[in-house]
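Colleague: Here is a sequence with its predicted model. Questions after.
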Amino acid sequence: MKKYVKKILFGLFIALVLFIALMIVVNYNEEGEKVLPFKFSKIVIVSAINGDSKTGTDTVWDIDLNQINDFYISIVPENNSNKETIKSVTVKNFKISPQDGVGNKKILSPTGDLGATLYSNSEENYKDSEIVFDGAATDDLKSRQIGNMGGTIAFRYELENIGKFKGNDETEIKYDASILQKVGLSVENLNTEISFDVLIRTSKNVVYKGNINLQTPVGNLNENASGEKVIEDFSNVVFKRVKE
């Protein structure tokens, strides 16, 4: 009888241990890391419509239209008691919905100086690959570097060639909803949901991964040439340790 009771108690003990372990795993999957050496401070998205004008054509205006969304992600130290530094930050696993729709979907990495030339020579499409920013003394987007104690990374999501506008009548072209109407589009045709992973690798080779899910374009492109959105609430972003 005593042996039978001991077996039952042992079985209950094992079941309790497994239940606690399961709860720990479930809680981690839902809430992620409680203490991080680095965190997001803000994400700035800038949306606009632009065009590539062609010369030597039979019309005054011959423009390939694009819709661009520039992302700036700022990372700062949080509870960094171990004095870890940033070894690298990687952006990958881009998922864009809907997959069809207007334009050729591209993810571009910075290749120029901050400002109008930041993406002027960016041609490689990273939609199915990754963009890596190495930790350095200071930020340098052109060289894909981020300050090792915190800084900002950037990339562009572009809908390339959403339409072609040709004409002789207009004396001025405004890159807003009016030019979309000329090619049979509206701002609603440009709506996209984009998600991606951000992986922060520290000097201890510990990797923290969080997933971001956002919608573009931002702002009111029906009335303005560009729009901007600043995100500072990341309570819905769960960071977990991963092996990479």
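Modeller: Nice, I can see it.

Colleague: Any idea what the spatially most central residue of the chain is bridged to?
Modeller: The residue lying closest to the centre of the chain (CA atoms, centre = their mean) is residue 196, at 5.3 Å. Counting by DSSP bridges, residue 196 forms beta bridges with residue 212.

Colleague: residues contacting it?
Modeller: Counting by CB atoms under 8 Å, 6 or more residues apart in numbering, residue 196 touches 91, 92, 93, 94, 95, 211, 212. (C-beta placed from N, C-alpha, C; glycine too.)

Colleague: And the closest residue to the fourth one other than its chain neighbours, how close does it get to residue 205?
Modeller: Okay, so that is residue 94. Among residues not flanking residue 94 along the chain, residue 196 sits closest, at 4.9 Å (CB to CB, 6 or more residues apart in numbering). Distance, residue 196 to residue 205, by CB to CB, to the nearest Å: 22 Å.

Colleague: show me the contacts for the spatially closest residue to residue 99 that is not a sequence neighbour.
Modeller: Distances taken as CB to CB, 6+ apart place residue 105 nearest to residue 99, at 7.9 Å, with adjacent residues excluded. Residues near residue 105 by CB under 8 Å, 6+ apart: 96, 99, 127, 157, 158, 159, 160, 192.

Colleague: Out of those residues, name the ones that lie in strands.
Modeller: Among these, DSSP state E puts 96, 157, 158, 159, 160, 192 in strands.

Colleague: Per the annotation, how does the protein divide into domains?
Modeller: Domain ranges of the chain: 1-31, 35-242, per automatic domain parsing.

Colleague: Packed most tightly, which of those domains would that be?
Modeller: Greatest average neighbour count among the domains of the chain goes to domain 35-242 (a mean of 16), per mean count of other CB atoms under 10 Å.

Colleague: And that domain, end to end?
Modeller: Domain 35-242 has an end-to-end distance of 15 Å (criterion: CA to CA, to the nearest Å).

Colleague: Let's test this: mean pLDDT of that domain, rounded?
Modeller: For domain 35-242, the mean per-residue pLDDT is 91.

Colleague: can you give me the offset of that domain from its chain's centre?
Modeller: Computed by CA atoms, centre = their mean, to the nearest Å, the chain-centroid distance of domain 35-242 equals 6 Å.

Colleague: let's have the chain start at 633 instead
Modeller: Understood, numbering begins at 633; the last thing we discussed is domain 667-874.
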